[in-house]
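Asker: I would like the atomic coordinates for the input below:
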Amino acid sequence: MTTIPVRQIILDEAKVVWPTCITDETILPFMSYQWYVAWLSVHPGWQSYILFINNSTIAPFVRKDDTVQFIYAYTDFDDLVGVNTPEIWSSVLDYLKHEGIKKAELAQIPENSKTVDFFKTYAENNSNCTIAIGNTTPFIALPTTFEEYLASIREKRKKYNKFRREFPQARIELSDDPSKDVEQLLSLMKQNSIKEASATIEKETFFRKVAGMKDALLTKLSVDDKVVAMQIAFSYKQTMMLYISGYDKTGYANAGTYLIVSSIKQAIVDGYKKFNFLRGREQYKYELGAKDFALYTITVNL
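Answerer: Next comes the predicted model:
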């Protein structure tokens, strides 16, 4: 069998070769070099451990002690970047063993990834490997008209229409200064007790970094001169992905629903095929018509 070359590369080289490995299966921005570097900058306990395989594939690992993983927190999809075959993964595992890595923890792997196919087969013959559904990224397969979509979401339709009646002067616009406006979004997010409880300096620093990335859309909903809801979404191919959001709970209870439904409307008008709510099983996603799309977690003890 021909040996597939695998080597570790530093960030400077990765910056050059990473874009050459991007394929149609690469889910941007989560699997981009820029996202990886931003994640590293707020997780100093992890070291960069990028593997370059056969001049065609990036394994964007990070390392701590004798464990490697894909970047996890704040990241909704992870996988190899580039050619993904059983031979590639076999070579990666052989390399990790040779280098003294004891464990590989892979999370957020999309259900339709070839990585999932490989490790399902691998786990059948190797007791040191576990693979299971770990989370979900609920999504809507968008219809061709907004009217068709609105008819399918009875309860949320009521809230959307109620906000529109109460605040006919409301307007939605894209931010032209994300570095400034993201601060207001972070403030709005803290009006949600769950988001406030999970807020950290590292997380907020990361959100500031990604707000200005390519294909990031920071949207504001205003009533008169007051911003009452905001969100960051990412546009990639024919999918709109809602990343983070926040809204004013003092007198604008339906602002969040109105902004999301309006974003879905715009996505339909612009010809998008999917609207993805990204990671998490929050009830509102299903009330807005989303169906599950599984993410797998894979652990290999080497």
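Asker: for the stretch 1-150 of the chain, give me the ranges with low pLDDT.
Answerer: Within the stretch 1-150 of the chain, the ranges that satisfy pLDDT under 70 run 1-2.
Asker: can you map out the strands along it?
Answerer: 6-9, 47-53, 57-64, 67-70, 81-82, 103-110, 129-136, 139-141 (DSSP state E, counting those that start in this stretch).
Asker: looking at the ones you listed, which is buried most?
Answerer: strand 81-82 (a mean of 26; mean count of other CB atoms under 10 Å). Where C-beta positions appear, they are placed from N, C-alpha and C, glycine not excepted.
Asker: what does it contact?
Answerer: Identification of contacts with strand 81-82 by CB atoms under 8 Å, 6 or more residues apart in numbering yields 18, 21-23, 26, 31, 53, 56-60.
Asker: turn these into CSV, including distance to residue 254.
Answerer: Below are the contacts of strand 81-82 laid out as CSV (distance: CB to CB, whole Å):
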residue, distance to residue 254
18, 42
21, 44
22, 39
23, 41
26, 36
31, 35
53, 49
56, 49
57, 46
58, 43
59, 44
60, 39
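Asker: name the nearest of the residues you listed relative to residue 159.
Answerer: residue 31 (34.5 Å; CB to CB).
Asker: which ones are touching the closest one?
Answerer: 22, 60, 77-79, 81.
Asker: out of the strands of the stretch 1-150 of the chain, which is closest to residue 223?
Answerer: In terms of CB to CB, the element of the strands of the stretch 1-150 of the chain nearest to residue 223 is strand 139-141, at 26.2 Å.
Asker: before we move on, the earlier item: residue 190 is nearest to which of the strands of the stretch 1-150 of the chain?
Answerer: strand 129-136 (23.7 Å).
Asker: just the CA trace of that closest one, in CSV.
Answerer: Extracted C-alpha coordinates of strand 129-136, given in CSV (Å, rounded to 0.1, in the frame of the first residue of the first chain):
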residue,chain,number,x,y,z
CYS,A,129,-13.4,3.9,19.2
THR,A,130,-16.8,5.2,20.1
ILE,A,131,-19.1,7.1,17.8
ALA,A,132,-22.5,8.6,18.6
ILE,A,133,-24.8,11.5,17.8
GLY,A,134,-23.8,14.3,20.1
ASN,A,135,-25.8,17.4,19.1
THR,A,136,-27.9,18.8,16.3
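Asker: strands paired with it, and their directions?
Answerer: strand 294-301 (antiparallel) (DSSP bridges).
Asker: now find how far off-centre the partner strand is within its chain.
Answerer: In terms of CA atoms, centre = their mean, to the nearest Å, the centre of strand 294-301 is found 17 Å from the chain centre.
Asker: likewise for stretch 126-141?
Answerer: 15 Å.
Asker: quick one: contacts of it?
Answerer: 76-77, 107-108, 110-111, 116, 119-120, 122-123, 149, 239, 264, 273-281, 285-286, 288-302.
Asker: one more: stretch 60-76?
Answerer: 30-31, 35-36, 39-40, 43, 45-51, 78-81, 96, 100-108, 137, 203, 206-207, 210, 241, 243, 278-279.
Asker: for stretch 199-216, same thing?
Answerer: Contacts of stretch 199-216 (CB under 8 Å, 6+ apart): 28-29, 32, 34-35, 38-39, 41-43, 73-74, 178-179, 181-183, 185-186, 189-190, 218, 232-236, 243-244.
Asker: if we go to 6 Å?
Answerer: 29, 38, 42, 74, 178-179, 182, 186, 218, 232, 234-235 (CB atoms under 6 Å, 6 or more residues apart in numbering).
Asker: just list whatever residues bridge to the spatially closest residue to residue 7 that is not a sequence neighbour.
Answerer: With CB to CB, 6 or more residues apart in numbering as the criterion, residue 7 has its nearest non-adjacent residue at 5.7 Å, and that residue is residue 52. Judged by DSSP bridges, the bridge partners of residue 52 are residue 7, residue 58.
Asker: in the strand of greatest length in the chain, what's buried?
Answerer: When the chain is parsed with DSSP state E, its longest strand is strand 226-236. Going by neighbour count (16 or more other CB atoms under 10 Å), the buried part of strand 226-236 is 227-235.
Asker: using a markdown table, please lay out those together with distance to residue 165 and pLDDT.
Answerer: Formatted as a markdown table, the buried residues of strand 226-236 follow (distance: CB to CB, whole Å; pLDDT from 0 to 100):
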| residue | distance to residue 165 | pLDDT |
| --- | --- | --- |
| 227 | 20 | 96 |
| 228 | 15 | 97 |
| 229 | 17 | 97 |
| 230 | 22 | 97 |
| 231 | 22 | 98 |
| 232 | 27 | 98 |
| 233 | 25 | 98 |
| 234 | 31 | 97 |
| 235 | 30 | 92 |
